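Novice: Just the structure for this:
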Amino acid sequence: MSDKDLLQRYTAGEEEAFQELVHRYKDSVYGFLRRFLSRPDLVEDVFQETFMQLFVSRDTFDVSRPLRPWLFTIAANKAKDALRRMQRNESANLGSMFDSEEHSIEDVLNTLDYDTHAPYDDLIRDETATSVKRVIARMPAKLREIILLAYFHKFSYAEISKILRIPVGTVKSRLHTAVGRFAEDWETAAMCETRN
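Specialist: Coordinates of the predicted model:
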């Protein structure tokens, strides 16, 4: 059954349709929030708030529009609200793009999705994934969310534009800045590990 069918059934009062929507999107929304917020205590609360918003917004659904971008818009807004409440504003430090001989930026950002079965490779991948998470967690919220939406959830520029309610040009510019910041922070983290 399509999202549209489930939404129509839910707006007609069928609670099972809502449960199916939650089941369909819970893992991707939770993963997005976990990476975006980097705080388990906030993730659980925002996750529940996101689906509660979906639950109570039954009468405002526009079933002609796709659910996934709308749901991620809710999650992103709730996450930003939670961060504001926690007053965890971080300063932005614009970085420059890098091109490592060992890893390209694409390799690094896609590490978490990489699948291999060799134990040594798994260890390296897990260590790199942990480092990627650490670097992303330290980024300012605006840059962190754009990287997560683009690289981890594979939204297009147009979809990100709708989710964040910013022009496509701003999406491209912010993503470029985010990748540059990530690259700079990644290099800094690598240099620190080399010294230790």
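
Novice: does Thr170 sit in a helix or strand, and which one?
Specialist: helix 168-195 (DSSP states H and E).

Novice: Now that helix: buried residues?
Specialist: Residues 171, 174-175, 177-186 are the ones in helix 168-195 that count as buried (16 or more other CB atoms under 10 Å). Using the backbone N, CA and C atoms, a C-beta is placed for each residue, glycine as well.

Novice: Turn the residues you listed into a markdown table, columns for distance to Gln53 and pLDDT.
Specialist: Converted to a markdown table, the buried residues of helix 168-195 look like this (distance: CB to CB, whole Å; pLDDT from 0 to 100):
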| residue | distance to Gln53 | pLDDT |
| --- | --- | --- |
| Val171 | 23 | 90 |
| Arg174 | 24 | 89 |
| Leu175 | 26 | 87 |
| Thr177 | 29 | 89 |
| Ala178 | 26 | 87 |
| Val179 | 30 | 84 |
| Gly180 | 33 | 83 |
| Arg181 | 30 | 85 |
| Phe182 | 30 | 84 |
| Ala183 | 35 | 80 |
| Glu184 | 35 | 82 |
| Asp185 | 32 | 83 |
| Trp186 | 34 | 79 |
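
Novice: Now do the helices in the chain.
Specialist: With helices called from DSSP state H, the chain shows them at 3-11, 15-37, 40-56, 67-86, 105-109, 119-137, 141-147, 157-164, 168-195.

Novice: Return the most buried member of these.
Specialist: Scoring the helices of the chain by mean neighbour count under mean count of other CB atoms under 10 Å gives helix 141-147 as the most buried, with a mean of 22.

Novice: And Tyr151, how close does it get to Tyr25?
Specialist: Separation of Tyr151 from Tyr25 (CB to CB, to the nearest Å): 19 Å.

Novice: measure the nearest residue to Leu71 once chain neighbours are set aside to His153 for me?
Specialist: Nearest residue to Leu71, sequence neighbours excluded (CB to CB, 6 or more residues apart in numbering): Tyr25, at 5.8 Å. Distance, Tyr25 to His153, by CB to CB: 11 Å.
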